[in-house]
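1. With the sequence up front, the predicted model follows.
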Amino acid sequence: MSCRVESSFKMAKMAASMLEHGEDAFRKLFKFYKRRNPPPDFSEVIDFSKGSKHEKVFSTELSPAAVGENEARKAGLQPVREWKAFGLKGYPGFIFISNPFLPGSQQYWVKQCLKVYLQKPNVCNLDMHMTAAETENIWEKSTQLMRSKGSGKREPKTLLEKLRWVTLGYHYNWDTKMYSAEHHTPFPADLHSVSKHVAAACGFPSFTAEAGILNYYHSDSSLGIHVDESELDHTQPLLSFSFGQSAVFLLGGTKREDPATAMFMHSGDIMVMSGHSRLLYHAVPRIVPAPAAAPLPPCLLQGPERSAPEDSLVRRVKEEDWEVCTRYMRTSRVNMTVRQVLGLGQAFPSGETRIQTLSAFSKDSAEGGENINSKKRKSSSDGYGES
Ligand code: OGA
Ligand code: MN
């Protein structure tokens with residue numbers, strides 16, 4: 001008996017120490033990939049661009065009939081029958097689409113993220129500590145400063161370089177972790193359209209893009225372990241689009257401490273989290289530096305094969321704009337996540353229910369001293385846990 005007591009005492013001590021040091025499986029992996037010196041071994045990271053060779057990866061069929069070829073082309077996407085889509089064993093509802101973009105169209109989305117979506121009425125991290133006048137014309141102010149910059153190290157950062165996140169549609173409130181009916185601006189029609197096609201191809205024809213969070217990462221950025229649960233309808237998927245530098249993405253379980261699977265997200269890749277995988281913990285521990293000789297992936301540099309049809313949403317990016325974009329993207333990654341917030345016919349709960357929801361959330365997402373996560377995208381700072 002004393003032995004049992006001792007072992008359960010030992011176990012409790014171990015669990016307590018695990019909590020203290022946060023050395024559960026997910027955090028261990030997060031730290032492993034975040035480590036700078038020496039850099040980690042990436043050989044265990046799943047690379048969907050290499051196909052379904054990995055034992056956990058399988059090819060999956062989407063619904064080509066759900067999206068007309070012309071509609072797909074207008075949104076800068078290849079016909080759905082050409083898409084390379086994969087599932088991951090043990091993660092039902094998780095779909096990885098390996099760069100389904102048409103040549104030249106990734107450039108358009110990058111330009112939208114750097115020049116258009118950061119404009120008012122959308123909200124960005126800079127708004128938290130700057131006046132409206134100061135955050136006006138971020139692109140123009142930044143390009144001006146960029147052009148006048150020499151190679152000196154001590155030069156001030158442009159606003160574009162200080163940009164960490166932008167919210168669209170229902171604007172996510174980082175402090176309350178909620179969306180609200182009051183804080184809403186029109187969702188961009190082009191991003192709505194591409195999202196609708198991706199969701200439809202994945203079996204969600206009624207998906208409506210209502211909220212977007214754009215994340216801007218630099219070589220030392222990471223995104224802490226979290227779950228996206230603030231949306232009120234979890235039957236609809238969460239879509240994630242990545243451009244620029246590759247990242248290591250970790251997909252865990254329904255509990256924060258569950259083990260995780262590491263995978264690369266390359267430029268143009270789309271991830272769909274639905275069903276069982278909609279509410280899984282995930283994180284981005286690392287941006288993977290590109291080789292100095294090829295700082296940008298060919299699929300991002302590629303120009304359009306033919307000029308876009310007259311009615312295309314995706315327009316050719318002007319050369320002078322693309323020059324600024326490439327300079328920025330040589331060391332950066334831009335990720336757009338698109339969410340449906342409300343179910344069909346659903347409304348935001350009344351104030352009283354909302355308070356209850358809030359307390360449930362703050363309990364659920366108790367951060368337990370997680371350094372990176374406690375810093376995660378606070379509205380008042382620039383968000384990522386950078387070291
Ligand atoms: C998010 C998110 C992942 C990424 O914004 O909620 O998980 O790949 N982003 O940047
Ligand atoms: Mn997320």
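-> Sure, I can see it. Ligands and ions are numbered 1, 2, ... in the order given.
2. Assign the residue in the chain that ligand 1 sits nearest to to helix, strand or coil.
-> Here the chain gets closest to ligand 1 at one residue, residue 335, 3.3 Å apart by CB to the nearest ligand atom. Backbone N, C-alpha and C define where each C-beta goes, glycine included. What DSSP: H, G, I helix; E, B strand; the rest coil gives for residue 335 is strand.
3. Number of residues surrounding it?
-> Applying other CB atoms under 10 Å, we find 23 residues neighbouring residue 335.
4. cool, and the one 10 residues further on?
-> Neighbour count for residue 345, taken as other CB under 10 Å: 5.
5. Skip the chain neighbours and tell me the closest residue to residue 143.
-> Distances taken as CB to CB, 6 or more residues apart in numbering put residue 324 closest to residue 143, at 5.1 Å, once the chain neighbours are dropped.
6. Now do the contacts for the one you found.
-> If you count contacts by CB atoms under 8 Å, 6 or more residues apart in numbering, residue 324 has them with 114, 139, 142, 143, 146.
7. looking at it, residue 248 is touching residue 262, isn't it?
-> Yes. Contact criterion CB atoms under 8 Å: residue 248 and residue 262 qualify, at 5.6 Å.
8. Which one of these two is surrounded by more residues?
-> Neighbours were counted for residue 248 and for residue 262 using other CB under 10 Å; residue 248 has more, 24 against 20.
9. which ones are touching residue 170?
-> Shown in contact with residue 170 (CB under 8 Å, 6+ apart): 179, 180, 183, 184, 210, 211, 341.
10. what number of residues lie near the third one?
-> Residues lying near residue 183 (other CB under 10 Å) number 14.
11. give the contact list for the closest residue to it other than its chain neighbours.
-> Here the nearest residue to residue 183 in space, its sequence neighbours aside, is residue 171; by CB to CB, 6+ apart that works out to 4.6 Å. Applying CB under 8 Å, 6+ apart, we find residue 171 in contact with 122, 123, 179, 183, 184, 185, 211.
12. ditto for residue 108
-> Residue 108 neighbours (CB under 8 Å, 6+ apart): 76, 314, 315, 316, 317.
13. Check residue 200 too.
-> 63, 66, 67, 207.
14. can you tell me the helix or strand for residue 228?
-> Residue 228 is part of no helix or strand, with elements assigned from DSSP states H and E.
15. neighbours around residue 337, how many?
-> Applying other CB under 10 Å, we find 18 residues neighbouring residue 337.
16. wait, doesn't it sit right on residue 242?
-> No. At 9.8 Å, residue 337 does not count as touching residue 242 under the criterion of CB under 8 Å.
17. Mind jotting down where the helices sit in the protein?
-> 2-21, 25-34, 69-74, 105-111, 138-148, 159-162, 189-201, 298-301, 319-329, 351-364, 371-374 (DSSP state H).
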